[in-house]
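Asker: I would like to see how this sequence folds:
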Amino acid sequence: MSAPAAAGPARPALLLAATILGSAIVFIDSTVVNVALPALAGDLDASLAEQQWVVEAYLLTLGSLVLVGGSLGDLLGRRRVFVWGVVGFGLTSILCALAPSAGALIAFRALQGVAGALLVPSSRAIITAAFLDAAERGAAIGSWTAWTSAAIAVGPSVGGVLVDTVSWRLVFAINVPVAIAALVLTAR
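Answerer: Purely as a prediction, here's the structure:
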């Protein structure tokens, strides 16, 4: 029995776009929230320690569980774990946007970090598995790295505009359409 034919030249591009979008929301959230801290502190009456935990709860869970997320991708399937991560990140972003208190926001940010720890290593592993040619794989990883690095860089600027023009809550809610786009591309 022969191997199935590739879906055409658009498939690698869709795969790469999905993994970039999924990873970008994780990386942008590591920087975007910093500019929202004064506004959310005023709205939620968050102390300085609580503001620090809004940032640290996310980074601690993301950083400490990223290897576990990669292992789960190896055991359960990279695509499946990636999808779980994107769905989880989208849902926890909604929870963060609706947080009624600083304590709730801290808990939701920790959960958001868990979701990020699922999707980031899976996105990189998907690229590695999908691009078998070394040159194409190198170019795909380079594109993934460049776009996710750009997300880190633009996070504070985008966050500042959203906080100044609408609300700190939009800093989290904006992840939802990006997560949906990543899921749509993943389904294709």
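
Asker: all contacts plus neighbour counts: C-alpha atoms, from now on.
Answerer: OK.

Asker: is it true that residue 81 touches residue 121?
Answerer: No. Between residue 81 and residue 121 there is no contact under CA atoms under 8 Å: 9.4 Å.

Asker: distance-wise, check the most centrally placed residue in the chain relative to residue 151.
Answerer: Per CA atoms, centre = their mean, the C-alpha nearest to the average position across the chain is that of residue 26, at 2.5 Å. The spacing between residue 26 and residue 151, counted by CA to CA, to the nearest Å, is 9 Å.

Asker: check residue 109 too.
Answerer: 19 Å.

Asker: comparing the two, which residue is more hemmed in?
Answerer: residue 109 (29 against 24; other CA atoms under 10 Å).

Asker: and the pLDDT for that one?
Answerer: Residue 109 carries a pLDDT value of 97.

Asker: check residue 163 too.
Answerer: The model's pLDDT for residue 163 equals 91.

Asker: give the contact list for it.
Answerer: Residues counted as contacts of residue 163 (CA atoms under 8 Å, 6 or more residues apart in numbering) are 35, 36, 39, 169, 170, 171.

Asker: close enough to count as contact, the last one and residue 165?
Answerer: No. Distance between residue 171 and residue 165: 11.2 Å, which falls outside the contact criterion (CA under 8 Å).

Asker: compare the two (neighbour count), which wins?
Answerer: residue 171 (26 against 10).

Asker: spell out the secondary structure type for the more buried one.
Answerer: Recorded secondary structure, residue 171: helix (DSSP: H, G, I helix; E, B strand; the rest coil).

Asker: for it, which non-adjacent residue is spatially closest?
Answerer: Leaving aside its chain neighbours, residue 171 sits nearest to residue 159 (5.8 Å; criterion: CA to CA, 6 or more residues apart in numbering).

Asker: check contacts around that neighbour.
Answerer: Contact partners of residue 159, counting by CA under 8 Å, 6+ apart, are 32, 33, 35, 36, 168, 171.

Asker: give the buried residues for stretch 140-156.
Answerer: 140, 141, 144, 145, 147, 148, 151, 152, 155, 156 (16 or more other CA atoms under 10 Å).

Asker: one more: stretch 121-141?
Answerer: By neighbour count with 16+ other CA under 10 Å, stretch 121-141 contains the buried residues 121, 122, 123, 124, 125, 126, 127, 128, 131, 137, 140, 141.

Asker: so which of those residues are in helices?
Answerer: 121, 122, 123, 124, 125, 126, 127, 128, 137, 140, 141 (DSSP state H).

Asker: what residues are up against the third one?
Answerer: The one in question is residue 123. For residue 123, the contact set (CA under 8 Å, 6+ apart) comprises 19, 20, 22, 23, 78, 82.

Asker: all strands of the protein, in order?
Answerer: Assigned by DSSP state E, the strands in the chain number zero.
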